[in-house]
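Engineer: predicted model follows, preceded by the sequence.
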Amino acid sequence: VQLVESGGGLVQTGGLLRLSCAASGLTFSMYTMGWFRQAPGKEREFVAAMAWSGSTYYADSVKGRFTISRDNAKNTVYLQMNSLKPEDTALYYCAATSSRVPALVSLYPYWGQGTQVTVSS
């Protein structure tokens with residue numbers, strides 16, 4: 001299984017970015033795809049997930065600002081991030097799981113290498 005993130009970068013407060021994660025080596029449409037982030041000195045935290053059914057889940061800190069979507073034909077999951085804040089600065093990871101509990105880091109066996117998002121104030 002390979003997950004490759006892209007789309008990170010440096011943006012000003014209030015700006016937007018769209019992250020992408022291309023997956024291979026798994027039956028993509030059958031997996032829950034999640035986005036997590038980790039800031040320096042902090043634990044990795046759940047951001048958003050989208051189940052194979054289309055159900056979506058968000059951390060309270062990003063609700064209303066971030067949107068997760070997926071294109072099963074392209075084996076790709078996206079994270080549209082709007083109204084970015086300095087506290088969104090982190091390394092963002094894409095992950096895949098067959099679990100029905102989408103927010104637990106420990107239940108995701110497959111991870112990408114991460115893409116850096118930096119929001120300047």
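Structural biologist: Perfect, I can see it now.

Engineer: any idea how many residues pack against Leu26?
Structural biologist: Leu26 is flanked by 15 other residues according to other Cβ atoms under 10 Å. (Glycine included, C-beta is placed from N, CA and C.)

Engineer: repeat that for Pro109.
Structural biologist: Pro109 - counted by other Cβ under 10 Å - has 11 other residues nearby.

Engineer: which element, helix or strand, includes the residue nearest the centre of the chain?
Structural biologist: Residue closest to the average C-alpha location in the chain (Cα atoms, centre = their mean): Trp35, at 2.1 Å. In this structure, Trp35 sits in strand 32-38 according to DSSP states H and E.

Engineer: only alpha carbons, please: show that strand as CSV.
Structural biologist: Provided in CSV are the C-alpha atoms of strand 32-38 (Å, rounded to 0.1, in the frame of the first residue of the first chain):
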residue,chain,number,x,y,z
THR,A,32,-12.1,4.7,5.1
MET,A,33,-9.7,7.5,4.3
GLY,A,34,-8.5,9.9,6.9
TRP,A,35,-6.5,13.0,7.3
PHE,A,36,-4.4,13.6,10.4
ARG,A,37,-2.0,16.3,11.4
GLN,A,38,0.9,16.7,13.8
